[in-house]
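**Q** can't give you the sequence, but here's the structure:
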């Protein structure tokens, strides 16, 4: 859902469609998250789920038996693949924008409206290197921390920009409270 901001430059009518996509996506993700957790807790005693990463598979096995467990595991794999696909699309565009701003080598920038091919190759190479270097569970932990730290750094950057250049540079309803709440929820 949040990748919509990274591809905003390629979206038709981004002022209207990016906030709409982010709000709708956030609402859907929140509803699905709450619904799934309710099913997990309804299907199995919470002590059977405590400390186990395969909560969905355990709940599915309790509700639907082995075929359900296999099905849910397949759905989780597909969900992870779609998430990876989204980040594969978004990550290179971040590199490209940073290259255009002079923060990364110019070769990573996009030529006109073309996709940032060099950045896509870099993203794929980094992903493969991380996959070969660590176990999946360790990668998930590292990725979670990295994403959280990156989000905090982005918000701190916006706060610094607003303090330095004023409210016109970073317009935000609920200023001061919004960035603090965002950082606190991480």
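**A** Yes, it's here. The shown structure was predicted, so the numbers you read here are calculated from the model rather than taken from an experiment.
**Q** now the residue of the chain positioned farthest from its centre: how far from residue 41?
**A** Of all residues in the chain, residue 65 has its C-alpha farthest from the mean position, at 31.5 Å, by Cα atoms, centre = their mean. Residue 65 is 19 Å from residue 41, where distance means Cβ to Cβ, to the nearest Å. Any C-beta I mention is one placed from the backbone N, CA and C, and that applies to glycine too.
**Q** Residue 154 now?
**A** According to Cβ to Cβ, residue 154 stands 33 Å off from residue 41.
**Q** same question, residue 81
**A** Here residue 81 is placed at a distance of 27 Å from residue 41 (Cβ to Cβ).
**Q** okay, the two: which has more neighbours?
**A** Using other Cβ atoms under 10 Å, the more surrounded residue of residue 81 and residue 41 is residue 41, with 13 against 10.
**Q** Disregarding flanking residues, what is the spatial nearest neighbour of residue 115?
**A** Closest residue to residue 115 apart from its sequence neighbours, by Cβ to Cβ, 6 or more residues apart in numbering: residue 92 at 7.5 Å.
**Q** Report the contact partners of that neighbour.
**A** Residue 92 sits next to 108, 115, 116, 119, 120, 122, 123 when contact means Cβ atoms under 8 Å, 6 or more residues apart in numbering.
**Q** and stretch 90-109, how far out from the chain's middle?
**A** 19 Å (Cα atoms, centre = their mean, to the nearest Å).
**Q** and if you look at stretch 161-168?
**A** Centroid separation between stretch 161-168 and its chain, computed with Cα atoms, centre = their mean, is 27 Å.
**Q** Now do the buried residues in it.
**A** residue 162 (16 or more other Cβ atoms under 10 Å).
**Q** So what touches that stretch?
**A** Here stretch 161-168 makes contact (Cβ under 8 Å, 6+ apart) with 169, 170, 172, 175.
**Q** And the first one, how far from residue 159?
**A** From residue 169 over to residue 159 the distance is 11 Å, taken as Cβ to Cβ.
**Q** for the second one, same thing?
**A** If you measure residue 170 against residue 159 using Cβ to Cβ, the figure is 8 Å.
**Q** With residue 86 instead?
**A** Residue 86 is 27 Å from residue 159, by Cβ to Cβ.
**Q** Of the contacts of stretch 161-168, keep whichever come out buried.
**A** By neighbour count, with 16+ other Cβ under 10 Å, these hold residue 170 as buried.
**Q** I'd like to know which of the contacts of stretch 161-168 is nearest to residue 133.
**A** Residue 133 has its nearest neighbour among those in residue 170, at 37.1 Å by Cβ to Cβ.
**Q** Specify the local secondary structure of the closest one.
**A** coil (DSSP: H, G, I helix; E, B strand; the rest coil).
**Q** who touches it in this structure?
**A** Applying Cβ under 8 Å, 6+ apart, the residues near residue 170 are 158, 161, 162.
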